[in-house]
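In: for reference, the sequence and a predicted model appear below.
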Amino acid sequence: MPLRVDLSIWRGNNGPALIWTLPDEVPLADSAFFLTVAAAGTLLLARDTTSGTLVLDAEARQLRLDYTTAESRLIPPGQIAEYEIERRNAGLEITELYGFLAGLGGLNADEDASNGVQLDFSNPDNSNLQLLGWI
C-alpha cells in the first residue's frame, strides 16, 4: 500500500526543494521513479529519475524535486493539487507515495504585469472562492 505524505509549496518561490523519504521496504536497485502532480483533472508537473528531473539519493533513500518559480505558481492555492510517485522496475508499476501538494502564499508579485497574465474566468473549475486557471 502506498504511503501518504502531504506537502506544501510556497507559490512564487523556487525553493526549498521538495523531498520525499522512501520507506526501507521500497527497493531502489534498477528502479525508476515518476512524479505526477495534477489538480482538477489538469496535469501540472511530470518528472522522473530517468531524465534527471527528479533526483534519487539512494544513500539517503530520498527523492528531490527542484522547481522553478513559474512551476510553483502552477500549484493552486489550498489543498487542491495531488501527486503520486510511482516506481517502475522490469514492467512492474507501483505507486509508492501519494498525497496533497498544498499551494501556500503567492502574493509576492514578481511577475511583470505588462506581460498579459490575467485570471482565466472561463475555467469551469474556478469559482469566486477558488481561482485555479491562469492564462
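Out: Structure received. Residues are numbered from 1 along each chain as shown.
In: ends of stretch 34-44, how far apart?
Out: 14 Å (CA to CA, to the nearest Å).
In: list of residues touching it?
Out: 45-49, 54, 63, 65, 74-76, 80-86, 88, 101, 125, 132 (CB atoms under 8 Å, 6 or more residues apart in numbering). C-beta: built from backbone N, CA, C; applies to glycine.
In: mind listing which of these are in helices?
Out: Among the contacts of stretch 34-44, the residues falling in helices (DSSP state H) are residue 74.
In: give the buried residues for stretch 14-34.
Out: For stretch 14-34, a neighbour-count test (16 or more other CB atoms under 10 Å) marks 18, 20, 22, 26, 31, 33-34 as buried.
In: near residue 45, how many other residues are there?
Out: 19 (other CB atoms under 10 Å).
In: hey, what's it bridged with?
Out: residue 37 (DSSP bridges).
In: re earlier: ChimeraX command for the buried members of the contacts of stretch 34-44?
Out: Selection of buried members from the contacts of stretch 34-44 for ChimeraX, criterion 16+ other CB under 10 Å:
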select :45,47,48,49,54,63,65,74,75,76,80,81,82,83,85,86,88,101,132
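In: average pLDDT for the helix or strand containing residue 35?
Out: Using DSSP states H and E, residue 35 falls within strand 32-39. Mean per-residue pLDDT for strand 32-39: 98.
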